[in-house]
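*Asks:* build me a model from this:
(3 chains)
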Amino acid sequence: MYKRRMLGFSLIRGLAAILLALAVAAVFIFLATDEPFHALQQLLIGPVVSFGEDGASFNVQSFYQILAAMIPTIFTALGVCVMFSANQFNLGGEGGAMAGGFVAALVAIYLPMAAGLHPVVSVLIGAVAAGLITLIPGVLKVSVGASEMVSSLMLNYVVMYVVLHFLNYEFADRSKGATQTHAFLPTAKIAQMVRGGSRLTYGFIAAIAVALLIGIFMYRTRWGYQIRMIGINQNFATYSGMKVTSVILLSQFMGGLLAGTGGAIEVLGRYNTFLWKELPGFGWTGITIAILARNNPVAVPFAAFFIAYLNKGCLLMNTNSDIPSEMISIIQASIFLFFAAEQFLAGLRQRIVVKNARDELAQAQAAAAASEEG
Amino acid sequence: MSQFFDTIFKPEFVFAIIRITSPILFAALASVIAEKAGVVNIGLEGTMMISALFGTLISFWTQSWLIGVLGALVVGILLGAMMGFFALRLRTNIILVGIALNILGSGGTVFLLYLFTGMRGNTSSLSSPNILIPTWNIPLLKDIPVVGAMFSGHAVLTYVAFILVFVVWFLLYKTSLGLNIRAVGENSNAARSVGISVQRIQYIALMLSGALSGLGGAFMSMYYSQSWNTGIVAGRGFIALAAQAMGRGEPVGTMFSSLLFGTAQALETRVSGIQGVSSYLVASIPYVVTILGLVLYMLSAKRKVRRLHQKLKNRQDAEQRT
Amino acid sequence: METLKTAVETRDDLLAVEMKNISKVYPNGIAANRNVDFSVRFGEIHALIGENGAGKSSLMKILFGLEQPTEGEIFINGEAVKLASPSQAIAHGIGMVHQHFMLVPTLTVAENMVLGMPPKKGIIIDYKKAVDMTAEIAKRYGFNVDPEARVMDIPVGMKQKVEILKALLRGAKILILDEPTAVLTSKETVELFRQLRLLRDEGFTIVFISHRLNEIKELTDRMTIMRGGRSMGVYETKGITEQQISQRMVGRDVILTVEKDKSQPGDVILEVRDLSYINEWDKRMLDRVSFNLRAGEILGIAGVEGNGQRELVDILFNLREPEGGAVYVNGHEITGLTQRRIRDLGVSLIPEDRMVFGIAGDAGIADNIIADRFDKKAYNRGPIFNMKSIHEETDRLIREYRIVSRDRNQKVGMLSGGNIQKVVVAREFSSDPILIIADQPTRGIDVGATEFIRARLVELSRAGAAVLLVSADLNEVMEMSDRLIIFYGGHIAASFDDTTTLTDELMGEYMLGLRTQASEPKEEKTHV
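*Replies:* Sure thing, here's the model as predicted:
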């Protein structure tokens, strides 16, 4: 009973946060446009429903695009889940995604391999490179106690500039007007899952599979278990005999590994050459998704879908009405703030706890009375 | 290479360092105040973005650069209060509140700009010289050779930034508010035991922090870039966090570490034209330096503790022998 | 216990503090104070003594406005008052010097003195005036402090003076000092006493909390002795001997008997050799402590808290580094080993602070149960947890240890104190330990859980485990132990191979340092 009530409470609280965020968005939409209902329609149902002459219909291509957009952010969010679960605020996912994408691109261009193997090897090498990068703030934290937050933020920029350096000075394709690498070998491309321009690749399947795997890792293996326990109570973990330092480092490495995988799959799936000129932003979106998923890997794809859906809605508002797509930031920030707020609706929770205590007392008394009679 | 040294040994280079350091310094001082009160403000980046936008807009509407700057300041204070509300009142993890603010800063600003003006992405069409922050040629100083070219003719806010180093120091070390801030940040129980409201002090610190980063934002849009655009702050809020850490949280130390970053960035623009030097690698130097500085700082702090323990042990051993 | 004249107030006495019929029951049902009467005369140094858990701290927290009494009245200078917060207590002239100093390390002495009420010139703190105020009040009361030194740079004794001066500066006429000598060297203690006497002569009223009898005899005028949340009487210091104090302070209201067979000691399991430890306040907490513990026996460690027991346990589990000495388990040296290795040698620990070390409150019961064994073969199938065996083990232990919970995934932090401790105990007892270190295993938990845990400990020891029982509960440590060690001041004050002939009186005298086995009975000795 209690469990059901608390579960209900969590749901209500989550929904309230989301609704509140959408309400904030709606207020801004009403302020910004003369056609608020059209804009809202674009935001809320536009992503999957198209309105033609013969009425509304399900827009499959658009749906695929949403799924495609989820791919990199699922990975970065999973990375955040793992890193934050150990109570380490490593924000290096951003740099990890860029490094992973770039290194994978290099492998895709310069190391010929068999078709089936090439993308896998490229992504793996990119991921490991990214993992080593996010490991740095972890090492600095456990060895000298330097704040992983500050060093990871700095590291993101170092990664960006180093990648740009190599992109511009070492690996640029001089024959092209824009700064970009040579084209990937055709063997390295990640195959499209569906026809059309949606860019929904098999990377999506990989993302879902990895979300499940990380779920298993966090909740069904000894390493994930240690990460969670360290995050909850590091003293307890030490006292119980866990290898706290190694496990923290493992979690930071995995965080980067996942972010790098996301970056690599995105690069090899969406483009033919590497052409990012700034940090891709997947790291920050990953944090929002992880917060929404409450660090639960299995919930990540759903949260990622939600964010990608809203993102698409905002893009549609941008094209079909006069609201800039950056509306998404306002929605994201609002969700973020209310979702993570411990005291949000704390009054309601308190009432549930009290009501429950009262119920249990009543039950106990009833039981006692019953046993007296008997 | 000689071309490089030519540019460096010119007063213009020092002038550039000072100019480039100013916005970082504002944000770094903002971080100093927050840290001293025991709260981490990683929302500096977003606060700068938002107040930069409002600085431009308000100065455009009022056709007064001064009111624009004050507007940015007020917006900064409001954002600081918002952080306080979520972090202190609703108990959202303050790092997450900061990240949310940064998200708002990066995208929300574009939306707000559109909401208020119908423009997308930048405000270059709004700018006109009379609503930019004016520069100030200091009488007498400007006529001294070399020195004049270095220190005269900066934006008014540049002077404000450097004066603020003193003001923040003064606030922290000479006023009762500063005393309370330091006490709350260091031992909140001690502060509470003498009747200081910890939450109130942290609210105030966050609002002051917001005010300072607001000025930093105004500097960016109303002087440095001459208008507002989406890439205007470009990580300065994060660098400021590092400058604060490297400056050991003290205003003067933070000024020097900010100058270090300013120098690195100034170098970057100077060397980018030179054959054989990668401007990107140069651009990464400030960040690398920050990480190294952080590590060195932590190592020195660690060594200090170890020395203290050794001293203690020696004394005990001496007592044992006697 | 011989009868003694108690020093009850007459109508003519002027009372600075009068607390009448105070009771304090915490929400978890634990009664810290039961109908306590406590009164202090103007201008006296009044000792409040009792073991940890006797209710002294709780009573003083009520007097300083930190806690509200469940029942009872408080009079200050004869006037009924309600003390809802420390500031109200301060306004009534009450000042408290906490055991953990309420000072800001990087601020100077003068800044700490005026914190929250600095003298100002305009908006600027008049620092010079703060320094002058500090120097002046220090001079007036004969305290030697440097107003411009930073608190982090001054010795502990001076920090304490700053705390006392802070209270005086805020107009305190009644000073509560919570175990002020616990952190001081003997030289500093002498100095403190001199100053406290001066303050008394100036007309200040001082409440001195301690459990060091020699200090109390030396310094105070009267005393209130507490035990088990009750007042055991008020006495003139002159009219009572240390032995008499000890009898009233240490002792049991009800003697509990634990049924157990005679122990059959086996091989030496735990060997502690010359263990020393100096704490961060420069104080020697363990001084070359040595003892052995054999399989099949329960070795009790008794003593008033703060005499080195906590440090001993922490070092045994490598949660602190010793200054010198070594610990062997089954002949293997374990000093400096990781907790993993120590556990692998068959050591388990019931930690004193279960919320900090014993559990992960936000994790479920199963997660807490497997914390020391999650990587054992039985709970894994290759890289994946064998959830079936984890659940079986958890459910088995929940049944066996009668852990009252909704299900195995309920967050441990949501359980009652007794059930939280049962989770800890279930884990620590079920790993086939050869050595169990039980540090205050039954503190603050209900009777049912207490009895259960005690019976379990006896059972395990009779089955061959070595048990080291550290407890401040006299009943527990006297009745459970086969052998007993008493700690005082970081030394082993006494060690008994037969606990059956021990009396409460004798225990008290050893625990309070009136006697040691090396030179017994100890002659009257003060710090000087």
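*Asks:* and residue C:36, bridged to which residues?
*Replies:* For residue C:36, the beta-bridge partners under DSSP bridges are residue C:22.
*Asks:* what number of residues lie near it?
*Replies:* Residue C:36: 24 surrounding residues under other C-beta atoms under 10 Å in any protein chain shown. Yep, even glycine has a C-beta here, placed from its N, CA and C like the rest.
*Asks:* my guess is it contacts residue C:48. True?
*Replies:* No. Counting by C-beta atoms under 8 Å, residue C:36 sits too far from residue C:48 to count as a contact (10.3 Å).
*Asks:* could you find the closest non-adjacent residue to residue 182?
*Replies:* Assuming you mean chain A. Spatially, and ignoring its direct neighbours in sequence, residue A:182 is nearest to residue A:173 (4.6 Å; C-beta to C-beta, 6 or more residues apart in numbering or on different chains).
*Asks:* sorry, should have said chain C
*Replies:* Nearest residue to residue C:182 in three dimensions, chain neighbours excluded: residue C:306, at 5.9 Å (C-beta to C-beta, 6+ apart).
*Asks:* could you do residue B:229 as well?
*Replies:* Nearest non-adjacent residue to residue B:229, counting by C-beta to C-beta, 6+ apart: residue B:122, 3.8 Å away.
*Asks:* now swap in residue B:208 and tell me
*Replies:* Counting by C-beta to C-beta, 6+ apart, residue B:208 lies nearest to residue B:33, which is 5.0 Å off, once chain neighbours are set aside.
*Asks:* just list the residues touching that neighbour, thanks.
*Replies:* B:168, B:171, B:172, B:181, B:205, B:208, B:209, B:212 (C-beta atoms under 8 Å, 6 or more residues apart in numbering or on different chains).
*Asks:* of all those, which comes closest to chain C?
*Replies:* Minimum distance to chain C across those is 9.2 Å, recorded for residue B:171 (C-beta to the nearest C-beta).
*Asks:* and residue B:48, what's its pLDDT?
*Replies:* pLDDT recorded at residue B:48 is 96.
*Asks:* hang on, it packs against residue B:215?
*Replies:* No. Taking C-beta under 8 Å as the definition, residue B:48 is not a contact partner of residue B:215, at 9.2 Å.
*Asks:* the more surrounded of those two?
*Replies:* Neighbours of residue B:48 and residue B:215, each counted by other C-beta under 10 Å, are more numerous for residue B:48; the result is 37 against 29.
*Asks:* look up the closest residue to the more buried one, ignoring the ones flanking it.
*Replies:* residue B:217 (3.9 Å).
*Asks:* from the contact counts, what lies against the strand or helix carrying that neighbour?
*Replies:* With secondary structure defined by DSSP states H and E, residue B:217 is part of helix B:198-219. If contacts are counted by 3 or more C-beta pairs under 8 Å, 6 or more residues apart in numbering or on different chains; DSSP states H and E, helix B:198-219 sits against helix B:11-36, helix B:44-62, helix B:65-84, helix B:156-174, helix B:176-186, helix B:188-193, helix B:236-246.
*Asks:* 6 Å - rerun?
*Replies:* Using 3 or more C-beta pairs under 6 Å, 6 or more residues apart in numbering or on different chains; DSSP states H and E, the elements in contact with helix B:198-219 are helix B:11-36, helix B:44-62, helix B:65-84, helix B:176-186, helix B:188-193.
*Asks:* what angle sits between the third one and helix B:44-62?
*Replies:* Yep, that's helix B:65-84 we're talking about. Going by axes from the mean of the first three to the mean of the last three C-alpha atoms, to 10 degrees, helix B:65-84 is angled at 140 degrees with respect to helix B:44-62.
*Asks:* and helix B:65-84, how far from the chain's centre?
*Replies:* Chain-centre distance of helix B:65-84: 15 Å, with C-alpha atoms, centre = their mean, to the nearest Å.
*Asks:* list the contacts of it.
*Replies:* B:43, B:47, B:51, B:54-55, B:58-59, B:97, B:131, B:133, B:203, B:206-207, B:209-211, B:213-215, B:217-218, B:222 (C-beta atoms under 6 Å, 6 or more residues apart in numbering or on different chains).
*Asks:* ok and that helix relative to helix B:11-36, angle-wise?
*Replies:* In terms of direction (the same axes, to 10 degrees), helix B:65-84 departs from helix B:11-36 by 30 degrees.
*Asks:* just checking, next helix/strand downstream of helix B:65-84?
*Replies:* Next along from helix B:65-84, by DSSP H and E: helix B:94-103.
*Asks:* would that following helix count as contacting chain A?
*Replies:* Yes. Using C-beta under 6 Å from any C-beta of the partner chain, we find that helix B:94-103 touches chain A at B:95, B:96, B:99, B:100, B:103.
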